[in-house]
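Engineer: I need the structure of the sequence given here:
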Amino acid sequence: MTLLSVNVNKIALLRNSRGRDYPGVIEFVDTVVRLGARGITVHPRPDERHVRRSDVFAIRDFVKLHPGVEFNIEGYPSPDFMALVLEVKPHQCTLVPDAPEQLTSDHGWDVPANEALLRETLDQLRQAKIRSSLFLDPEPSLIEAVKAVGADRIELYTEDYASHFGLESEGGVWQRYADTAAAATAAGLGVNAGHDLNLENLPRFLEIPDIAEVSIGHALVVECLYQGVPAVIEKYLEITKA
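Structural biologist: Residues are numbered from 1 along each chain as shown. Predicted coordinates:
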């Protein structure tokens, strides 16, 4: 079974566009949890253009009241970000190599080139008993370096898979992800995945064994606009329960 973690950044972005607490981030979190989702993801950025610090604390408090629901905070390990994570103490922290001005995540870590930063950050997370995950491109050769710096999991950056889905190239690209996941599992690392996954391409992706978690936000919110929140969450849970 794969845990569905719903990224609520787009709900916060929609709220921020009108200057009111509508739609409410916590109300949306409550809705998807009541429908069966067992994970919530946020990616707070320095400019608070979507999720705000106050949202992070509010979700922490909500999750405390709902055993079995995991909270995942992702972001670049700047001093401010790490101070927030260590104060909130989510179940998981996913480290991404994003610059502050990036529109969205668009690549995984070059682990050897960032070894010192990652070792120091992962040690902080380990001491705080926060599970760690590194955003990673589908490259099996990187797994040894991930293991060496002390991460608990990887999160496969799945945009390449999504962009090739339905094309003749899909099989070869999918195999790279499968090979990377297999190498991570063999090394004792957990495997998460996220970015541009949706109701159409997720079933094929989850033919890869032992995917512990998928984090889905943008596509899920768009699908909810067309189909309704209950129908969309039900479909995702049906896909991920196998």
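Engineer: Can you show me the helices along this structure?
Structural biologist: For the chain, the helices defined by DSSP state H occupy 9-16, 25-34, 53-64, 79-88, 115-127, 143-149, 159-164, 170-186, 202-205, 218-227, 229-240.
Engineer: Dump the ones you listed to TSV, plus mean pLDDT and mean neighbour count.
Structural biologist: Where C-beta positions appear, they are placed from N, C-alpha and C, glycine not excepted. Shown next, in TSV, are those (pLDDT from 0 to 100; neighbours: other Cβ atoms under 10 Å):
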stretch	mean pLDDT	mean neighbour count
helix 9-16	97	19
helix 25-34	98	18
helix 53-64	98	16
helix 79-88	98	16
helix 115-127	98	16
helix 143-149	98	18
helix 159-164	98	18
helix 170-186	98	17
helix 202-205	98	18
helix 218-227	97	16
helix 229-240	98	18
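Engineer: And the residue nearest the centre of this structure?
Structural biologist: Ranked by distance to the mean C-alpha position of the chain (Cα atoms, centre = their mean), the top residue is residue 215 at 4.0 Å.
Engineer: Leaving out the residues flanking it, which one is nearest to it?
Structural biologist: Distances taken as Cβ to Cβ, 6 or more residues apart in numbering put residue 194 closest to residue 215, at 3.7 Å, once the chain neighbours are dropped.
Engineer: now do residue 162
Structural biologist: In space, residue 162 is closest to residue 196, 3.6 Å off (Cβ to Cβ, 6+ apart).
Engineer: Residue 14 now?
Structural biologist: Closest to residue 14 by Cβ to Cβ, 6+ apart is residue 23, at 6.0 Å.
Engineer: give me the number of residues near that neighbour?
Structural biologist: 15 (other Cβ atoms under 10 Å).
Engineer: contacting residues around it?
Structural biologist: 11, 14, 15 (Cβ atoms under 8 Å, 6 or more residues apart in numbering).
Engineer: How about residue 162?
Structural biologist: 195, 196, 197, 198, 201.
Engineer: What pLDDT does the model give the last one?
Structural biologist: As predicted, residue 201 sits at a pLDDT of 98.
Engineer: where's it relative to residue 29, distance?
Structural biologist: According to Cβ to Cβ, to the nearest Å, residue 201 stands 25 Å off from residue 29.
Engineer: next one: residue 192
Structural biologist: For residue 192 relative to residue 29 (Cβ to Cβ), the value is 19 Å.
Engineer: Who are the contact partners of the nearest residue to residue 177 once chain neighbours are set aside?
Structural biologist: With Cβ to Cβ, 6+ apart as the criterion, residue 177 has its nearest non-adjacent residue at 4.5 Å, and that residue is residue 138. Applying Cβ under 8 Å, 6+ apart, we find residue 138 in contact with 156, 157, 160, 161, 173, 176, 177, 179, 180.
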